[in-house]
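Q: Return atomic coordinates for the entry below.
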Amino acid sequence: VAVLVLRSGKFAGAIFSAAGRALRHRAFARYTTRRGQGGAQSALDGSGKKVKSVGSTLRRHGERALATDVVELLGKDWRADLETCALVA
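A: I've put the predicted structure just below:
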């Protein structure tokens, strides 16, 4: 069984054996949300507003880094284990 969660710049994942023992687990956190504004930088960028602050650049970089980390983890490191999972939630 694999459990994967992605939300607001945070990723957590674990793969469990049939006996319920954790075989692999990993968590990532990146700066992607606009503190106090409640949304991701990409959501603001999609609204048409032009933002060029240093913070917005850091949040965009954080979104790309998180996506790269998750793809690498699931597509390379955990691929064999995920293929044997009966359930991915």
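
Q: contacting residues around Asp69?
A: Residues near Asp69 by CB atoms under 8 Å, 6 or more residues apart in numbering: Phe11, Phe28, Arg30. (Glycine included, C-beta is placed from N, CA and C.)

Q: what about the first one, how many neighbours?
A: Okay, so that is Phe11. Neighbour count for Phe11, taken as other CB atoms under 10 Å: 19.

Q: which residue packs closest to it, ignoring adjacent ones?
A: Phe28 (4.5 Å; CB to CB, 6 or more residues apart in numbering).

Q: Please report phi then psi for the one you found.
A: Dihedral angles of Phe28 (phi, psi; degrees, to the nearest 10) stand at phi -130, psi 150.

Q: And the pLDDT for Ala86?
A: Note for Ala86: predicted pLDDT of 92.

Q: And the closest residue to it other than its chain neighbours, how far from Arg60?
A: Computed as CB to CB, 6+ apart, the closest residue to Ala86 that is not its neighbour in sequence is Val1, at 6.7 Å. For Val1, the distance to Arg60 equals 34 Å [CB to CB, to the nearest Å].

Q: Ok, Arg30 next?
A: 11 Å.

Q: center of this structure, which residue is that?
A: Phe11 (3.8 Å; CA atoms, centre = their mean).

Q: Just confirm that residue is within a helix.
A: No: assessed with DSSP: H, G, I helix; E, B strand; the rest coil, Phe11 is strand; it does not lie in a helix.

Q: So it sits against Thr32, correct?
A: No: applying CB atoms under 8 Å as the test, Phe11 and Thr32 come out as separate, 10.7 Å apart.

Q: Quick one: the strands in this protein, in order.
A: 2-7, 10-16, 22-29 (DSSP state E).

Q: wait, what's in contact with Gly55?
A: Arg34.

Q: what's the spacing between the residue of the chain most remote from its centre and Val1?
A: Here the chain reaches farthest from its C-alpha mean at Ala19, the gap being 26.7 Å by CA atoms, centre = their mean. Going from Ala19 to Val1 by CB to CB gives 11 Å.

Q: same question, Gly62
A: Gly62 is 29 Å from Val1, by CB to CB.

Q: same question, Val70
A: 19 Å.
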